[in-house]
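K.L.:
Here is a sequence with its predicted model. Questions after.
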Amino acid sequence: MIALRTASEIEKIRESCGIVHEALDLAGSMIAPGLMTEEIDRALDGYIRGRGGVPSFKGYRGYPASTCISVNDQVVHGIPSGRRLLEGDIVSVDVGVVKGGYHGDAARTFSVGAIAPKVERLLAVTREALELGIQAARPGKRIGDISHAVQGYVEENGLAVVRALVGHGIGRQMHEEPPVPNYGKPGTGPELKAGMVLAIEPMVNAGGWDVVTLDDGWTIVTKDQSLSAHFEHTIAVTEGGPVILTRGGDSGGAM
């Protein structure tokens, strides 16, 4: 069943999402060559708890950390560790927060120092695909319209969307109905209605779309070892259009 949230519920989700946004800003301010990914995790855990939230990921199905931090060919669910970031790396930070019984979820991919132009393009295409997906999230449209907007733009640019992982509804639980794939046909899937809250999250590979899971049971990497980028926002579908909840300031409109 797909939940339709009231205005007051959406405001509670927005509060959690605000903490997610601030935590990602903190991560971005920290990232530099030589930094260990576990240092980012500790800092964000402390920040989230200091703002009255709880990291949604900690203990979720046994996940051992408060954030997911994925480097280079790691697509998602990278476990923070003593790995040190290197100049030219890209690092995706995925943050979930629950406060007052409602979750928020977002991710960004950051560059570590200077990166090659083709890597900058990977990040830019993924960001733009997210924006296009968000703009498709309007009442009367369908989930497949979001999926098609993301897939079309990514593939027009010679990149590949990951197919084994999807976005999702979010609210009382971190993962709710409906799934939001990053590929699909327009006009298909559940109808979008005002009150739906979705986490839209393109995961885009520089090579092929196939992925594999490492022996830790969590870290998902590109099968061909190509680089991967990940951007995500939690959004509310409203009669006036999509509203981004995981963004600072007035969260209307797209990115």
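P.N.:
Ah, there it is.

K.L.:
R138 should be in a strand, yeah?
P.N.:
No. According to DSSP: H, G, I helix; E, B strand; the rest coil, R138 belongs to no strand; its state is coil.

K.L.:
got a list of contacts for stretch 23-33?
P.N.:
39-40, 43-44, 47-48, 67, 84-87, 91, 93, 95, 97, 106-108, 110, 112-113, 248 (Cβ atoms under 8 Å, 6 or more residues apart in numbering). Glycine gets a C-beta too; all of them are placed from N, C-alpha and C.

K.L.:
Can you mark which positions in that stretch are buried?
P.N.:
23-24, 26-27, 31 (16 or more other Cβ atoms under 10 Å).

K.L.:
For S29, see how far away I244 is.
P.N.:
As defined by Cβ to Cβ, to the nearest Å, I244 lies at a distance of 21 Å from S29.

K.L.:
my bad, I19
P.N.:
Noted for I19: a distance of 16 Å to S29, by Cβ to Cβ.

K.L.:
what do you get for A107?
P.N.:
From A107 to S29 the distance is 16 Å (Cβ to Cβ).

K.L.:
What of K12?
P.N.:
According to Cβ to Cβ, K12 and S29 sit 27 Å apart.

K.L.:
OK, contacts around the residue nearest to I13 when sequence neighbours are not counted?
P.N.:
Nearest residue to I13 in three dimensions, chain neighbours excluded: Y102, at 4.6 Å (Cβ to Cβ, 6 or more residues apart in numbering). For Y102, the residues meeting the contact criterion (Cβ under 8 Å, 6+ apart) are 9, 12-13, 15-16, 171-172.

K.L.:
now I40
P.N.:
Residues near I40 by Cβ under 8 Å, 6+ apart: 27, 30-31, 67, 69, 80, 93.

K.L.:
Show only the entries of those found in helices.
P.N.:
27, 30 (DSSP state H).

K.L.:
Show me the strands in the stretch 101-250 of the chain, by range?
P.N.:
In the stretch 101-250 of the chain, the segments counted as strands under DSSP state E, counting those that start in this stretch are 102-111, 160-161, 167-169, 176-180, 197-200, 203-205, 211-213, 220-222, 228-230, 233-238, 241-244.

K.L.:
Out of those strands, which is closest to A129?
P.N.:
With Cβ to Cβ as the measure, strand 203-205 is the member of the strands of the stretch 101-250 of the chain nearest A129 (6.6 Å).

K.L.:
Just checking: what are the partner strands of the closest one?
P.N.:
Partners of strand 203-205 in the sheet, by DSSP bridges, are strand 160-161 (antiparallel), strand 228-230 (antiparallel).

K.L.:
hey, which of those is tucked in deepest?
P.N.:
Compared across those, strand 228-230 shows the largest average neighbour count, a mean of 27 (mean count of other Cβ atoms under 10 Å).
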